[in-house]
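Q: coords please:
(chains A and B)
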Amino acid sequence: MELMKLEIITPNGVIFDGDVTQVNLPGSEGEFGVLAGHSTLVSLLDTGVIVYNRADGREVAVAINSGYVKVDEEKTTCIVDGAVALSGEDTHIAQAIEKAKELLKSTQASNASIASAVSKVEKIGKSF
Amino acid sequence: MANLKEIKRKIGSVKNTQKTTNAMKLVSSAKLKRTEELAKRSRVYASKLTELLNEIAQKMQQSNVEGIDNIYFKDIQNPTKVDIVFITADKGLCGGFNSQTIKRTNKLIEEFRANDVKVRLRAVGRKGIDFFKFNGIELNDEIIGLSAAPDFKQAAEFISDVAESYVHGETDKIILVHNGYVNMITQEVREEQVLPVDTSKLELNSEVTSELEVEPDEDDTLLDALVKRYVEYTMYYSLIDSLAAEHSARMQAMDAATKNAKEMVKELNVKYNKARQESITTELIEIISGMESMK
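A: Next up is the predicted model:
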């Protein structure tokens, strides 16, 4: 599969910067997926979970509270306010899940979207 | 003899000062390291945010031949009301760090006043507030404690007040002045136009030709949110930058002070020894002349 660049940046540093095959983003107008070669797009991001597949095929999830995304043909840049990464390699996965839930619940988003994001985090947490 | 005692007392006092300045230097260098790390991490975020905003502005410029009509990007030739936000430290003892910022702010005010532009001042940090209050210059808004411990929420609150008055047309321009960090030994006063976003500095990238899709696309929701974020973050980043510069300036000042104290102790020691020898010589002369007279 064709690769593209993904960057996830928070005020506290870079969460991820590397090649991915695809990424799913929680846009404010609904979730959308991005593959390499996507046309240029700028969108607001809602409280939710970014899911991406790294070049080695591993799936990684990042819970975010809010932010922006800029997509162009080669690169996707997510600028988010707060993020917690959840990956299977993490030994403190339980802690990370707790943190992610806390982050999601602290936002001002509607209860429904928080609930859906939290359940998603739980589901991803179990799959590792 | 009284002279000897006095010199000794002086040496003790200078040594004490040296200890204090040395400790302050160490504290500052530790704090600088932490702040530097913070600045490094937030710099990436700040630059990406600016990049994104620039790109949108660029697209708008391309699609709108007559120029940008958006309130955040409009080009004002002759502003009549300007807001200046300046950041100083809460504490002194950091060389010319605060006075440089104040000087630059004063210069700006003079320039604007000469052109009949109304200036409103908003101050962050005790030193700047004290200076302008002492000189009887009115401050529109002031906050203490923010420059010593930058907090995103507080910074956002402070600057969004200004941004709101810009949106309501109470001011034409917002300028941010702070003393920024360059490296361990250099600071540089930076002057930044926060609003309207300065499009003249944009590097127009003509290669970008694909249509920009914006979501949500109604009523500038995205742009509003993005600009708000940009303004808030510019403020926050300036605070961090200013704090790093403050620590580096203080480190330098305290280093110089410690060195000076060391030199002074050396000089006083020489003086003390000379005085001591002198008194011994005088005593000897007294004894010898006493003996001579008894012969």
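Q: Okay, and residue 121 sits in which element?
A: You didn't pick a chain, so chain A it is. Element membership for A:Val121, per DSSP states H and E: helix A:111-127.
Q: nope, chain B
A: strand B:118-124.
Q: tell me how far the longest strand along chain A is from the chain's mean position?
A: Counting by DSSP state E, the longest strand found in chain A is strand A:13-27. On the basis of C-alpha atoms, centre = their mean, to the nearest Å, strand A:13-27 sits 6 Å off its chain's mean C-alpha point.
Q: and chain A, which of its residues are near chain B?
A: A:7, A:9-14, A:27-29, A:39-44, A:68, A:70, A:72-73, A:77, A:79 (C-beta under 8 Å from any C-beta of the partner chain). C-beta coordinates here come from the backbone N, C-alpha and C atoms, glycine included.
Q: Out of the residues you listed, which sit inside strands?
A: A:7, A:9-10, A:13-14, A:27, A:41-44, A:68, A:70, A:77, A:79.
Q: Number of residues surrounding B:Lys266?
A: B:Lys266 has 11 neighbours, counted by other C-beta atoms under 10 Å in any protein chain shown.
Q: Which helix or which strand is home to it?
A: According to DSSP H and E, B:Lys266 maps onto helix B:221-294.
Q: how about that helix, does it get close to chain A?
A: Yes - Helix B:221-294 reaches chain A (C-beta under 8 Å from any C-beta) through B:Thr221, B:Leu222, B:Ala225, B:Leu226, B:Arg229, B:Tyr233, B:Tyr236.
Q: what angle separates the host helix or strand of A:Glu102 from helix A:111-127?
A: For A:Glu102, the element it lies in under DSSP H and E is helix A:93-105. Per axes from the mean of the first three to the mean of the last three C-alpha atoms, to 10 degrees, the angle that helix A:93-105 makes with helix A:111-127 is 170 degrees.
Q: Only the buried residues of helix A:93-105, if you could.
A: In terms of neighbour count (16 or more other C-beta atoms under 10 Å in any protein chain shown), helix A:93-105 has its buried residues at A:Ala96, A:Ile97, A:Lys99, A:Ala100, A:Lys101, A:Leu103, A:Leu104.
Q: hmm, back to that, now the helix holding B:Lys266, how far from the centre of its chain.
A: For helix B:221-294, the distance to the chain centre is 21 Å (C-alpha atoms, centre = their mean).
Q: quick one on the thing from earlier: which of the residues of helix B:221-294 next to chain A are buried, as a ChimeraX select command?
A: The following ChimeraX line selects those of the residues of helix B:221-294 next to chain A that are buried, judged by 16+ other C-beta under 10 Å:
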select /B:222,225,226,229,233,236
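Q: Please compute how far stretch B:112-122 lies from its chain's middle.
A: 22 Å.
Q: so how far is the first residue of it from its last?
A: 15 Å (C-alpha to C-alpha, to the nearest Å).
Q: Give me the contact list for it.
A: B:79-86, B:105, B:108-109, B:132, B:137-142, B:158, B:162, B:171 (C-beta atoms under 8 Å, 6 or more residues apart in numbering or on different chains).
Q: let's see it at 6 Å
A: B:Pro79, B:Lys81, B:Val82, B:Asp83, B:Ile84, B:Val85, B:Ile109, B:Leu139, B:Asn140, B:Asp141 (C-beta atoms under 6 Å, 6 or more residues apart in numbering or on different chains).
Q: Out of those residues, grab the one that's most surrounded.
A: Highest neighbour count within those: B:Asp83, with 26 neighbours (other C-beta under 10 Å).
Q: rewinding a little: in its sheet, what does the strand holding B:Leu121 sit against?
A: strand B:81-87 (parallel), strand B:141-143 (parallel) (DSSP bridges).
Q: tell me which strands and helices the helix holding A:Glu102 is in contact with?
A: Judged by 3 or more C-beta pairs under 6 Å, 6 or more residues apart in numbering or on different chains; DSSP states H and E, helix A:93-105 is in contact with strand A:59-64, strand A:83-86, helix A:111-127.
Q: Can you say which of those is packed in most?
A: strand A:59-64 (a mean of 24; mean count of other C-beta atoms under 10 Å in any protein chain shown).
Q: Distance from that strand to the middle of the chain?
A: Distance of strand A:59-64 from its chain centroid, counting by C-alpha atoms, centre = their mean, is 4 Å.
Q: Neighbouring strands - and their directions - for it?
A: strand A:48-54 (antiparallel), strand A:83-86 (antiparallel).
Q: Nearest residue to residue 84 in space, please, no chain neighbours.
A: Because you didn't say which chain, this covers chain A. Nearest in space to A:Val84, with sequence neighbours left out and distances taken as C-beta to C-beta, 6 or more residues apart in numbering or on different chains, is A:Ala100 at 4.1 Å.
Q: meant chain B actually
A: B:Ile175 (5.0 Å).
Q: Verify the contact between the one you found and B:Val85 for me.
A: No - here B:Ile175 does not reach B:Val85: they are 7.1 Å apart, not a contact under C-beta atoms under 6 Å.
Q: Mind listing what's buried along stretch A:42-52?
A: Neighbour count says stretch A:42-52 has A:Val42, A:Ser43, A:Leu44, A:Leu45, A:Asp46, A:Thr47, A:Gly48, A:Val49, A:Ile50, A:Val51, A:Tyr52 buried, by 16+ other C-beta under 10 Å.
Q: make that stretch B:80-97, sorry
A: Here stretch B:80-97 shows B:81-90, B:93-95, B:97 as buried, counting by 16+ other C-beta under 10 Å.
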